[in-house]
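Chemist: 3D, please:
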Amino acid sequence: MASIELQAVEKWFGTIQVIKGVDLKIEEGEFIIFVGPSGCGKSTLLRMIAGLEETSRGKIFVGDRDATSEPPSKRGLAMVFQSYALYPHMSVRDNVGFALKAAGEPKEVIAQKVDEAAHVLKLTDYMDRRPKDLSGGQRQRVAIGRSIVRDPTAFLFDEPLSNLDAALRVEMRYELAKLHRSLASTMIYVTHDQVEAMTLADRIVVLEAGKIAQVGSPKELYERPGNLFVAQFIGSPKMNVIPATAVGLGETAKDFGVRPEHITIVPAGQGDIDGVVDVVEYLGADTYVIIDIENGAGQMTIRDLGDAAHQPGEKVGLKFAEGRTHLFDADGLAIR
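Modeler: Predicted structure coming up:
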């Protein structure tokens, strides 16, 4: 286990710069998640840490060691890919232990490490099966087990759950959280799924166009976004944003933001702003009410109780929770 530090790292593909001077310190044992829209550079940055992509400029440290020019095999890192990349003709036991066998480890050492990994990942009953006889979640656990036996300095995960169905993703999130607690290893994880980021990460790194938009705990990013991009990227449904002038706050701010759960529907004329119900989406425990704001200021989504009774065309007022609103300047930076 070791810390990993990026110092002003850049990545160029010819004349195109995809990573634009990233500085980041990842502490020992920390679970860090890279999120951002497609093309923001999150997988490229992970591959640079792994050594699978050359670092054009800057430095990468693994512990106290400058690993910038080291090949992947020398960095002591283990990478788990989106595809399981298992050997179909080998048993689970042989797949998990393959890297140790290739490295010439004694058979008794391989057996011990494979059995320990199988116990941690609940694969003990499947060790003699082949990959085709396993579910998607079990195959992903085998791929993780293959990394565990190497006792790496850190684990790197590149969208490992994206091939799983919704139910298995929930199960594997739970398993990964438990795995991190039991191993206490440094983990860096790339995903486009913010639910994975919010539930798994110690800290989230939000990337935008090759730069870090903000770094912080899930709670920090959700409650105190530093800019408009993070405010609308983190959270589902996303933060409502309308012109600040629509709520009488346009002197220093350009945009006003408030999350769907921080709005209460009240009778028209009794809130901070009025609107007309456009769409009502019943989801069971919650109902999302989409409101057309008066004077053409845009739309807002309100998260209400599941049994809330609202009808399209109904005129309502919206009351914003005190201390839960956000203002952004003309550059998209948070004012408060």
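
Chemist: mind checking pLDDT for the residue sitting furthest away from the middle of the chain?
Modeler: Largest separation from the mean C-alpha position in the chain: residue 269, at 40.2 Å (Cα atoms, centre = their mean). Reported pLDDT at residue 269 in the predicted model: 94.

Chemist: OK, contacts around the nearest residue to it once chain neighbours are set aside?
Modeler: Counting by Cβ to Cβ, 6 or more residues apart in numbering, residue 269 lies nearest to residue 317, which is 5.9 Å off, once chain neighbours are set aside. Using the backbone N, CA and C atoms, a C-beta is placed for each residue, glycine as well. Residue 317 makes contacts with 265, 266, 267, 268, 269, 270, 271, 272, 273, 274, 275, as judged by Cβ atoms under 8 Å, 6 or more residues apart in numbering.

Chemist: Which residues are in contact with the spatially most central residue of the chain?
Modeler: In the chain, the centroid-proximal residue (Cα atoms, centre = their mean) is residue 197; its distance is 3.1 Å. Residues counted as contacts of residue 197 (Cβ under 8 Å, 6+ apart) are 33, 35, 191, 204, 218.

Chemist: Burial check on the residue nearest to the first one when sequence neighbours are not counted, number of neighbours?
Modeler: If I follow you right, that is residue 33. Closest residue to residue 33 apart from its sequence neighbours, by Cβ to Cβ, 6+ apart: residue 201 at 4.0 Å. Look at residue 201: counted by other Cβ atoms under 10 Å, it has 23 neighbours.

Chemist: which ones are touching residue 61?
Modeler: Residue 61 makes contact with 3, 4, 5, 6, 7, 67, according to Cβ under 8 Å, 6+ apart.

Chemist: mind checking pLDDT for the first one?
Modeler: Read that as residue 3. Note on residue 3: pLDDT of 93.

Chemist: Quickly note the distance from it to residue 78.
Modeler: Distance, residue 3 to residue 78, by Cβ to Cβ, to the nearest Å: 16 Å.
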